[in-house]
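Participant: Let's see this in three dimensions:
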Amino acid sequence: MNLGISMQKIRNIGIAAHIDAGKTTLSEAMLFLSGKKHRFGRVDEGQATLDWMPQERERGITITAAATTIAWRDHHINLIDTPGHVDFTVEVERALRVVDGMVAVFCAVGGVEPQSEVVWRQAERYRVPRLAFVNKMDRVGADFFRVVEEMKEKLGANPIPVVLPIGEEEEFRGLIDLLRLEAIFFGEEESFGESKRAPMPLELRREAQEEREKLLEAVAEADPQFLELFLAEEATAEDLRAALRRATIAGKIVPVLAGSAARLKGVHGLMDAVLDFLPSPVDLPPVRGTWNGQEIQRFPSPEEPLSALIFKIQADRHVGKVYFVRVYSGVMRSGANVLNASRGNVQRIGRLFEVHANERLPVEELSAGVVGAVVGLEDAHTGDTLCAEDSPLLLEAMEFPSPVLDLALSPARRTDADRLSRALSALVAEDPTLSLRADPETGELVLSGMGELHLEIVVDRLRREFGVEVVTGAPEVAYREKPCKPGVFEHKLVKQTGGRGQYAHIIFRLEPAAPGAGLEFESQVVGGRIPKEYIPAVRKGVAEAMAEGPHGFPVVDLKFVLLDGSFHEVDSSEYAFRTCATQALREALKKAGTIVLEPVMIVEISVSEELVGPVVGDLSQRRGKLLAIEGKGSLALISARVPLAELFGYATALRSLTSGRGSFTTRFDRYEPLPESLVPKVSKRAVPV
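Facilitator: Sure, this is the predicted structure:
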């Protein structure tokens, strides 16, 4: 990475939106206009550089977040293009964790769509400053100001247009720059995005003046420094630009731009806006971490001690695992030793790379403020912190949603069993929303993911990248179990075999934990009733027992409090206490009973108004709970909460109900208790014991 560039001239941005809003097309347009590419890669023709996976090019969708670096106006823009499909929302989560700013892309026709809301909330959680780009202004039905209103209503944002479209749909021919009150007219399509500035058309001057007044008032309200200039009527266009930048970085305003990425219209202005309004690493507060209970901060400077976050892992059959990192402070050098603060061990940095999609350019070092890649690490995971050995800190961890769909896998050839296991382990390490376990009854491997497309892509990658053919079962809902009620239990393991036996005795309290808590383990043992070295073994035994509850599903959200017990000087061991804990929890769950939990999805359905009745009736038969019905032009948008188990085959059913005119999207919402009457139908045990 070029260390000669000033930190003020670096922008780390993510591009995110609902599927088909045009994120990747916009990224490709930016690559082309910056000179990074000499050909404009079109998504629908499978030519997009950032959609480099075969699965992406075949389907015309983004599956994995792709990073690249472009130069614009003597600045470096590190850009991460993210997926829009809900099954791959983890890719957006990882990107937004490490970027400094985001470009949210909205379709001028579709407006604020369901996944738009999801990525917006993710950006809010990480306090990422945002720009909005209303794309596809040349499409039939495009409406710039309707999208702006939807951003206010649905996102609770403060969107402020900084441009005014000149024409819409086929008549979209330019923009009015509200900062300078000049018109920008686009050239013909074959002019590759060229534009020229000119005086505003007379018929738009009044509207432009009104919109500029709204812009000035909004910025004055958000920025006290600009308010004084505004009241004194001394504000220049540069004052306005500087104030708008401060308000954007503070999260008080979202500047809104417009264009058509596929025709390279308005993209120049967006790239300028990225530099003008989104922050450089030095514009943001120092990154904060902790160590030994103390809060530590690092400023974005090469002179500070190293701090970096692994935000993504990619399996590569040639070089092994590729770790994508954001360097927050210091300098990461090839061959140097670093502390993995999350794992508590020292690791050696192998080779370092600057990344362009699936291409990697070797570099000697990565400096503060940049995104790059590392190979050669051992025992490192997504979300781990890498830092200087003599200045440790632990950055905030990343959270990922639980998988909702299971798929049983087995190798097509018995001789491929080991290869399949290794390939799946590599893919699970790469994707935190995948999990893998063995079914103790059938011996099959069970892969859990975020949806049918997610699992379909994994199976395809096993075949193409790892050369392993697999046999799959039908996808199944990933049910879970949690304890019904609290209780105190006791269990004793006593085995005498003639020699050294096994002895362990525990008394514990079992109770439900909060949703998403997983396992909460606490020891209240005093007086050495159970030696301290055996306590971790009890926790391991509990974790092992949670792999399968009384109904055959993994157990979640459980609190285990070890109260008391006893041990034998000769016959007690870690193995004995681990075995005792496993048996104890299984017995306790049988006695206390468990609630079966099912994944519930938010479903958004778009249909013509006359079909609302039949669609709502069908949802109610699927145990759906209606949330809202909203008019959107001639269409109605129906929102409902529906159990995932009831959505298998829904695409076919909706096509039949609407004669092919309805469409829908789903996203995971939460786990909820399955009705008691349905438990026997889904339980893996004929009679729960």
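
Participant: thought residue 512 was touching residue 560?
Facilitator: No. With contact defined as CB atoms under 8 Å, residue 512 does not reach residue 560; the gap is 11.2 Å. Every C-beta, even on glycine, is put in place using the N, C-alpha and C of the backbone.

Participant: right, and the helix or strand after the helix or strand bottoming out on mean pLDDT in the chain?
Facilitator: Ranked by mean pLDDT, DSSP states H and E, the weakest helix or strand in the chain is helix 54-59, scoring a mean of 51. Once the chain leaves helix 54-59, the next helix or strand it forms, by DSSP states H and E, is strand 66-72.

Participant: Direction included, what does that following strand pair against?
Facilitator: Applying DSSP bridges to the sheet, strand 66-72 is found paired with strand 75-81 (antiparallel).

Participant: Extract the C-alpha trace of the partner strand and format it as PDB.
Facilitator: What follows is strand 75-81, C-alpha atoms only, in PDB (Å, rounded to 0.1, in the frame of the first residue of the first chain):
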ATOM      1  CA  HIS A  75      -7.300  10.500  -3.300                       C
ATOM      2  CA  HIS A  76      -7.500   6.800  -2.500                       C
ATOM      3  CA  ILE A  77     -10.900   5.300  -2.300                       C
ATOM      4  CA  ASN A  78     -11.000   1.800  -0.700                       C
ATOM      5  CA  LEU A  79     -14.300   0.400  -1.800                       C
ATOM      6  CA  ILE A  80     -16.200  -2.600  -0.600                       C
ATOM      7  CA  ASP A  81     -19.200  -3.800  -2.800                       C
END
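
Participant: How about it, which residues are buried there?
Facilitator: 75, 76, 77, 78, 79, 80, 81 (16 or more other CB atoms under 10 Å).

Participant: cool, stretch 270-278 as well?
Facilitator: Quick answer for stretch 270-278 (16+ other CB under 10 Å): 270, 271, 273, 274, 275, 276, 277, 278.

Participant: Just send the residues you listed back as JSON lines, with distance to residue 359 and pLDDT too.
Facilitator: Shown next, in JSON lines, are those (distance: CB to CB, whole Å; pLDDT from 0 to 100):
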{"residue": "270", "distance to residue 359": "24", "pLDDT": "96"}
{"residue": "271", "distance to residue 359": "22", "pLDDT": "95"}
{"residue": "273", "distance to residue 359": "27", "pLDDT": "97"}
{"residue": "274", "distance to residue 359": "22", "pLDDT": "97"}
{"residue": "275", "distance to residue 359": "25", "pLDDT": "96"}
{"residue": "276", "distance to residue 359": "29", "pLDDT": "96"}
{"residue": "277", "distance to residue 359": "29", "pLDDT": "97"}
{"residue": "278", "distance to residue 359": "25", "pLDDT": "97"}
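
Participant: and the closest residue to residue 152 other than its chain neighbours, what does it touch?
Facilitator: Nearest in space to residue 152, with sequence neighbours left out and distances taken as CB to CB, 6 or more residues apart in numbering, is residue 159 at 6.4 Å. Contacts of residue 159 were listed using CB atoms under 8 Å, 6 or more residues apart in numbering, and they are 132, 148, 151, 152, 254, 256.

Participant: what's across from residue 159 in the sheet?
Facilitator: As for beta bridges, residue 159 partners with residue 254 under DSSP bridges.

Participant: how close does it sit to residue 120?
Facilitator: According to CB to CB, to the nearest Å, residue 159 and residue 120 sit 11 Å apart.

Participant: what do you get for residue 468?
Facilitator: Residue 468 is 39 Å from residue 120, by CB to CB.

Participant: try residue 70
Facilitator: Per CB to CB, residue 70 is found 24 Å from residue 120.

Participant: show me where the stretch 51-200 of the chain has strands.
Facilitator: Taking DSSP state E, counting those that start in this stretch as the test, the strands found in the stretch 51-200 of the chain are 66-72, 75-81, 101-107, 130-135, 159-161, 163-166, 174-177, 182-186, 195-198.

Participant: Quick one: the ones you listed as TSV, columns for distance to residue 581 too.
Facilitator: Listed next are the strands of the stretch 51-200 of the chain as TSV, based on distance: least, CB to CB, whole Å:
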stretch	distance to residue 581
strand 66-72	44
strand 75-81	43
strand 101-107	45
strand 130-135	48
strand 159-161	54
strand 163-166	63
strand 174-177	66
strand 182-186	69
strand 195-198	69
